[in-house]
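>>> sequence below, structure please.
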Amino acid sequence: MVQFLLTTSLVLHLLTFLWIITLLQKVNNQQISPINDEKIKREIEDLLVAYTTEMKEENEKLLEQVKMLQEANTSPVSLNEKVMEQLKVEHEPIVINSKEEIKEDVTQRHTVDQYKYEDYQPPTIQVDEPDMYEQSNTAKVLLLAEQGFSSEEIAKKLSLGKGEVELMIKFYR
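Numbers count the residues shown, from 1 in each chain. Model prediction:
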């Protein structure tokens, strides 16, 4: 009998060691090698460079637009109208040929917008009856508990379980 237990123990120990070795091999295979680590670093750097150059280009476009608006600010057309015009063109730079063309363009757009929205009526809210609010069961339980009712009485009045009422009282007090 002892010999059987020793051989069984030996076989189980060998199987355990084999299992540990295979697990170690799997863990070692999954670790990131230095080559893969460098590749990932390069990809991240490339993404960051691309993102920063895109931001730089957008900032340069914005600066150009601001300069054009500042230069055009001396014309009779107000800055707000120019900004609105700029937004309507979907952030494309404004090309200014002459002051008369700007005046004509702005007045044409103004009349188009006026006809477009002259029939608009904002929606009205009809108030038939005031809003009704109902207390939650928790608020009712706490109110009745403050008035001195026992948890059994509260449970009967509100048709709740006694344990539920006791839990609410303990939790919120």
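
>>> pull the contacting residues for the residue nearest to Thr138 when sequence neighbours are not counted.
Excluding its sequence neighbours, the residue lying closest to Thr138 (CB to CB, 6 or more residues apart in numbering) is Met168, at 5.3 Å. Where C-beta positions appear, they are placed from N, C-alpha and C, glycine not excepted. Met168 sits next to 137-138, 141-142 when contact means CB atoms under 8 Å, 6 or more residues apart in numbering.

>>> so which of those residues wins on neighbours?
Of these, Val141 is surrounded by the most neighbours, 25 neighbours in total, counting by other CB atoms under 10 Å.

>>> which residue is nearest the centroid of this protein?
Ranked by distance to the mean C-alpha position of the chain (CA atoms, centre = their mean), the top residue is Tyr51 at 21.1 Å.

>>> any idea which element that residue lies in?
In this structure, Tyr51 is located in helix 34-72 according to DSSP states H and E.

>>> please compute how far that helix lies from its chain's middle.
Here the centre of helix 34-72 is set off from its chain's centre by 24 Å, with CA atoms, centre = their mean, to the nearest Å.

>>> for that helix, name the packing helices and strands.
Of the remaining helices and strands, those touching helix 34-72 by 3 or more CB pairs under 8 Å, 6 or more residues apart in numbering; DSSP states H and E are helix 79-88.

>>> ok, and the helix or strand in this protein with the lowest average confidence?
Taking mean pLDDT, DSSP states H and E as the measure, the chain has helix 99-117 as its least confident helix or strand, at a mean of 57.

>>> that one: what's the following helix or strand?
Moving on from helix 99-117 towards the C-terminus, the next helix or strand you reach (DSSP H and E) is helix 137-146.

>>> helices and strands around that next one, which ones?
Contact partners of helix 137-146 among helices and strands, from 3+ CB pairs under 8 Å, 6+ apart: helix 151-158, helix 162-172.

>>> ranking the ones you listed by mean pLDDT, which is last?
When mean pLDDT is averaged over each of the helices and strands packed on helix 137-146, helix 162-172 scores lowest at a mean of 88.

>>> dump the helices and strands packed on helix 137-146 to JSON lines, plus distance to Leu47.
JSON lines is the format used below for the helices and strands packed on helix 137-146 (distance: least, CB to CB, whole Å):
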{"stretch": "helix 151-158", "distance to Leu47": "60"}
{"stretch": "helix 162-172", "distance to Leu47": "50"}
